[in-house]
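Colleague: Attaching a predicted model along with its sequence, questions to come.
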Amino acid sequence: MKNIVRKIHQLDATDQTVGRLGTKIANLLHGKNKPEFERHVDLGDVVEVKNIKYLRFTGKKLAQKTYKHYSGYLGGLKTKKMSEMMQQNPAKILERAVKEMLPNNRLRPKMMKRLIIK
């Protein structure tokens, strides 16, 4: 295995939509911006995101979008609106969006560790 050089990318989330910012972050974490990219090798960089509380949402997403979590037990479906998530922890919104954009394999937890949200 050759040496992997990881750069640190600093992104500002001010006035950016979650989806567009999420795709940029996912591509950097996966390493798709590098010429030696291979799907089965983790070549991604470190990404730092700041000013997360100034994210922009289009349409009525804050009022209508819900996040669901199922515990596996009867009656264990929990839902939360995006507006509640934004008040409690806005980093979770971006973190969840990026996680769903990355491939669902053994490399995903390693990639997510390199996402730093301030």
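Modeller: Done, it's in. Numbering: from 1, shown residues only.
Colleague: Residue nearest the middle of the protein, spatially speaking?
Modeller: For the chain, the residue whose C-alpha lies nearest the mean C-alpha position (Cα atoms, centre = their mean) is residue 98; its distance is 2.3 Å.
Colleague: confidence score at that one?
Modeller: With respect to pLDDT, residue 98 has a value of 98.
Colleague: Which phi and psi values does it adopt?
Modeller: Backbone geometry at residue 98, expressed as degrees, to the nearest 10, gives phi -70, psi -40.
Colleague: Could you double-check that residue 99 lies in contact with residue 113?
Modeller: No - with contact taken as Cβ atoms under 8 Å, residue 99 and residue 113 are classed as non-touching, separated by 11.5 Å. In this view, the C-beta of every residue, glycine as well, is placed from N, C-alpha and C.
Colleague: Would you mind telling me which of these two has more residues around it?
Modeller: Comparing residue 99 with residue 113 by other Cβ atoms under 10 Å, the one with more neighbours is residue 99, at 17 against 10.
Colleague: That's all I had, so thanks and see you.
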